[in-house]
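Participant: my questions are about this predicted structure, shown below with the sequence.
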Amino acid sequence: MWGIDPHETRLAAGQVPAGATQGRNGFGKDGYGGPCPPRGGRPHHYVFSVYATDRRLDDLASGATADAVRRALTGHTLAHGTLTGRYGR
């Protein structure tokens, strides 16, 4: 997701902030799909990344892939952070 107002201090569960755009997920669909590892297997790792940039990504269309977003951020990332979660069923 990109285009989140830099003054936004929290994101409501299941809501897309006004003006934000969602990209393609690992299921091949737009938006967040949630974790879905196979049953009985080892827990999977899910990595969430956040980037502060010096420009808007208005040139990226809805449904852009993670690789396309990373390419657009090249040379424009001021700071970033990650959160890794594990989930198994």
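Facilitator: Cool, got the structure.
Participant: where along the chain do the strands fall?
Facilitator: 44-53, 77-87 (DSSP state E).
Participant: buried ones in the shortest one?
Facilitator: Buried residues in strand 44-53, counting neighbours by 16 or more other Cβ atoms under 10 Å, are found at 51, 53. Quick note: C-beta positions are derived from backbone N, CA and C, even for glycine.
Participant: kindly report the same for stretch 74-89.
Facilitator: Buried residues in stretch 74-89 (16+ other Cβ under 10 Å): none.
Participant: same question for stretch 16-36.
Facilitator: Neighbour-count burial for stretch 16-36 [16+ other Cβ under 10 Å]: 21-24.
Participant: average pLDDT across stretch 38-54?
Facilitator: In this model, stretch 38-54 carries a mean pLDDT of 90.
Participant: now the strands of the chain as CSV including distance to Gly34?
Facilitator: Shown next, in CSV, are the strands of the chain (distance: least, Cβ to Cβ, whole Å):
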stretch, distance to Gly34
strand 44-53, 9
strand 77-87, 9
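Participant: hang on, the earlier thing: out of the buried residues of stretch 16-36, which one sits closest to Gly31?
Facilitator: Proximity of the buried residues of stretch 16-36 to Gly31 (Cβ to Cβ) peaks at Gln22, which lies at 4.5 Å.
Participant: got a pLDDT number for that closest one?
Facilitator: 94.
Participant: relative to Leu78, how far out is it?
Facilitator: 22 Å (Cβ to Cβ, to the nearest Å).
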